[in-house]
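In: Just a sequence and a predicted model for now, questions to come.
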Amino acid sequence: MNSIRMPLSVGATIVFLTACGGGGGLGGNPASATFRSRSAGLDGGAILCLAGDASSRLHAGTRHQGVFRSVDGGATWTATNAGLPDAVVVPLGGLASVRALAVDPADGNIVYAGLLRGGVYRSDDGGVTWTVRNTGLGDLDVQALAIDPATPTTVYAATDSGVYRSNNAGGTWSRRATGMTDTDVHALAIAPSAPAVLYAGTDTGVYVSTNSGTVWAAAAAGPSDVSTLLVDRFDPLTAYAGGVAGGMFRTANQGASWTAATSGLPSLYRLQQLVADPLLSGRLYAALGGGGVRVSNDGGAVWSPVVGALPHAGVTALQISSGGNRLVAATDGGGAFTSTDSGASWTATSSGLTGGGISDLVQSAIAPSTLYAATAAGVFVTADRGVTWTAARSGLSRWETQALAIVSNDAATAFVGTATAGVFRTQDRGANWTAVNTGLTDLDVNALAIVTGSSVNLYAGTETNGVFRSFDGGASWAASNSGLGNLNVRALALDPTDGNRVFAATRSGMFRSLDGGATWAGANNNLNDPVLQCVVIDPSEPAVVFAGTTNDGVYRTLDGGQNWQRRNTGLLADTIVRIVVVPGSNTVYAASAGDADDGRNPGVYRSDDRGDTWTPMLDGLAPQAVTALMLESGNSLWAGTAGGGLFRR
């Protein structure tokens, strides 16, 4: 999959087209001094949690976009962030990242939000406005919330330093971690039928309290790296714990022993959340990060995929209505989907949600107002330089799109690479897409490149099977890996003056071909970090090549890849996933997808001396993971983010 393999991040490849770095722009420096949002119509959103009340009202907590609310069961959404902190209060965080939500079961107007590094906020008007409730809360990194169903003024918050309890609706908090040797609590659940019984999930296992969190005891070994907990609504002794890939456990004796409940659950994906059908006893739903939604009709003994396949598999949260007739699945970047038939079919319900992950951008060379954006919610197209965007997903079986290539002399023909469904082609500006995967043995496509001036000569870089070539517009593909020492290809760059000269950036170094990919040789001299993210050739001087690394910033070669030099003066970020070179100048832009929440200084950087020194460009762009860059022909710089949408400067 095209990503830097970090939590809550999206793709990061470089696609070399007529210019560099994924963009079709032809030069000049951005005229405007400020990044401005250009996300109108880019529905999606990186949703971290969901909560609902007895009505049709839903709340979604997102990464760097705060809270969204729906009053029609998820059909439409509106941002409701009045009172929530921004980057001033939550350093390096942009808008608030909301990781937990809880609704008062007795009064749906009372909603609690748990923020990453922001503590707890409460709304008394159904999520419209918020006020901080952090008195006594010694750790502001809130990961889960729970409300006592019998006494809703009793609220619990799970943090990195244990559990905190409030007896006055968040007015004041006190730490409740006695008995915990591992206090980094990721998940929290209350027994509905016996609210004094709580379960807490940590990296090392589960803790149980039978006295409202006053004292905790470690449960028996079994679950680990726990991210979700669910307690049977009638029996406080029966609970489920899940998290690490393939790890689902069930206890019938309050954690004294555990039984694996993994039959039918794929081991590749982390379990993000469990929910129980409120009407059908024994029916459980599981959200898998990358594996869609699974259902069990026998209390977790056996799991199977829901009948309807979601077009986005990165499910982060689930919410089921009190009547059991509406199931909402939230995704990491793809927005929300709703099913009214127990998962047999799904409808995209993301209207108004913003902040979807942008993985690539391209511009038509002959129709400059036409741009394509590859996102976690599919492909979007604009005909007015980004004033408005329209979803272009017809025919795409999966929406997690990662790489784009557009034919230089035909704005209607483009190709998109996806995470699990291979390559698709459109010949009508995205109105319809057709899979073109014959011979492509790896459908996780990280990079696409098309030879300048050609409509049929393509390269594809894949996750596990290296480079593939097509000479017929994607109708057929053949592997082209002779000498390629690593088959995890992150990015490709083609020399615009010599179609036979190609660079492949991999997870284990740089490789170069001088014969159109027929053979490859390593090009890594002085390249200290072999875990590469991107590569781009200076279109005006092809001997100059830039590489972005995962842990060591930017490298540059002046001799076509024979020798590399580290070029990081002023660069505050390690993980560089995009580089754009302005043709005919010394100006270079670099994008970092380092995690803002970990203080890794993501964003856009500019160099006016070919990378010798760098300066951050943060005006109008809150520090957040930037995963796409494009310099358009109108001299504007575009930046696509992992969770904050699209910006133009």
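Out: That came through, no problem. Numbers count the residues shown, from 1 in each chain.
In: just for the protein, where's the confidence low?
Out: 1-33, 86-95, 245-246, 594-600, 623, 634 (pLDDT under 70).
In: I figured Ala505 was touching Val535, is that so?
Out: Yes - between Ala505 and Val535 there is a contact at 4.2 Å, judged by C-beta atoms under 8 Å. Glycine gets a C-beta too; all of them are placed from N, C-alpha and C.
In: any residues in contact with both of those two?
Out: Residues touching both Ala505 and Val535 (C-beta atoms under 8 Å, 6 or more residues apart in numbering) are Ile14, Ala491, Leu492, Ala493, Ala547, Gly548.
In: Output those residues as JSON lines; include the columns distance to Gln254.
Out: JSON lines is the format used below for those (distance: C-beta to C-beta, whole Å):
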{"residue": "Ile14", "distance to Gln254": "53"}
{"residue": "Ala491", "distance to Gln254": "51"}
{"residue": "Leu492", "distance to Gln254": "55"}
{"residue": "Ala493", "distance to Gln254": "58"}
{"residue": "Ala547", "distance to Gln254": "54"}
{"residue": "Gly548", "distance to Gln254": "50"}
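In: Is the nearest residue to Ile47 once chain neighbours are set aside bridged to anything, and to what?
Out: Counting by C-beta to C-beta, 6 or more residues apart in numbering, Ile47 lies nearest to Ala330, which is 3.6 Å off, once chain neighbours are set aside. Beta-bridge pairing for Ala330 (DSSP bridges): Ala317, Ala336.
In: neighbours around Ala330, how many?
Out: 31 (other C-beta atoms under 10 Å).
In: next one: Leu527
Out: Counted with other C-beta under 10 Å, Leu527 comes out at 21.
In: can you check the one 3 residues further on too?
Out: Taking other C-beta under 10 Å as the criterion, the count of residues near Pro530 is 19.
In: again, but for Leu458
Out: Neighbours of Leu458 using other C-beta under 10 Å come to 24.
In: For it, name its beta-bridge partners.
Out: Ile450, Ser470.
In: List the contacts of it.
Out: Ala405, Phe415, Leu448, Ala449, Ile450, Val451, Arg469, Ser470, Gly473, Gly474.
In: Would you enumerate the residues in contact with the third one?
Out: In other words, Leu448. 15, 403-405, 415-417, 423, 458-461, 492.
In: ok, 7 Å please
Out: By C-beta atoms under 7 Å, 6 or more residues apart in numbering, the contact list for Leu448 reads Val15, Ala403, Leu404, Ala405, Phe415, Gly417, Leu458, Ala460.
In: Can you list which of the residues you listed are found in strands?
Out: Ala403, Leu404, Ala405, Phe415, Gly417, Leu458, Ala460 (DSSP state E).
In: Which stretches in the stretch 451-600 of the chain count as strands?
Out: Ranges of strands in the stretch 451-600 of the chain, per DSSP state E, counting those that start in this stretch, are 458-462, 467-470, 478-479, 489-495, 498-506, 509-513, 521-522, 532-537, 545-549, 554-557, 565-566, 576-581, 588-592.
In: Can I get those in JSON lines including distance to Val307?
Out: Shown next, in JSON lines, are those (distance: least, C-beta to C-beta, whole Å):
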{"stretch": "strand 458-462", "distance to Val307": "30"}
{"stretch": "strand 467-470", "distance to Val307": "33"}
{"stretch": "strand 478-479", "distance to Val307": "35"}
{"stretch": "strand 489-495", "distance to Val307": "35"}
{"stretch": "strand 498-506", "distance to Val307": "39"}
{"stretch": "strand 509-513", "distance to Val307": "43"}
{"stretch": "strand 521-522", "distance to Val307": "48"}
{"stretch": "strand 532-537", "distance to Val307": "38"}
{"stretch": "strand 545-549", "distance to Val307": "42"}
{"stretch": "strand 554-557", "distance to Val307": "48"}
{"stretch": "strand 565-566", "distance to Val307": "52"}
{"stretch": "strand 576-581", "distance to Val307": "37"}
{"stretch": "strand 588-592", "distance to Val307": "40"}
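In: Between those strands, which one is closest to Val306.
Out: The closest of the strands of the stretch 451-600 of the chain to Val306 is strand 458-462. By C-beta to C-beta, the value is 28.3 Å.
In: Check the offset of that closest one from the chain's centre.
Out: How far strand 458-462 lies from its chain's middle: 23 Å, per C-alpha atoms, centre = their mean, to the nearest Å.
In: Likewise for stretch 337-352?
Out: The answer for stretch 337-352 is 20 Å, by C-alpha atoms, centre = their mean.
In: Of the contacts of Leu448, which is the nearest to Ala374?
Out: Distances from Ala374 to these, taken by C-beta to C-beta, are shortest for Leu404, at 4.9 Å.
In: thinking that closest one is in contact with Asp360, fair?
Out: Yes - using C-beta atoms under 7 Å, Leu404 is in contact with Asp360, at 4.5 Å.
In: what residue of this protein is the furthest out?
Out: Distance from the C-alpha centroid of the chain, by C-alpha atoms, centre = their mean, peaks at Asn211 (38.1 Å).
In: mind checking how far it is from Gly179?
Out: 11 Å (C-beta to C-beta, to the nearest Å).
In: next one: Ala79
Out: From Ala79 to Gly179 the distance is 40 Å (C-beta to C-beta).
In: before we move on, what about Arg63?
Out: 33 Å.
In: who's more crowded, the two?
Out: Between Arg63 and Gly179, counted using other C-beta under 10 Å, the more crowded position is Arg63 (32 against 15).
In: and that one, what is it in contact with?
Out: Contacts of Arg63 (C-beta under 7 Å, 6+ apart): Leu8, Ala46, Leu48, Ser97, Gly355, Gly643.
In: Which members of those residues are positioned in strands?
Out: Going by DSSP E, the strands hold Ala46, Leu48 from these.
In: mind checking which of the strands of the stretch 451-600 of the chain is nearest Val295?
Out: strand 458-462 (31.5 Å).
In: Can you tell me the number of residues neighbouring Cys49?
Out: What Cys49 shows, counting by other C-beta under 10 Å, is a neighbour count of 25.
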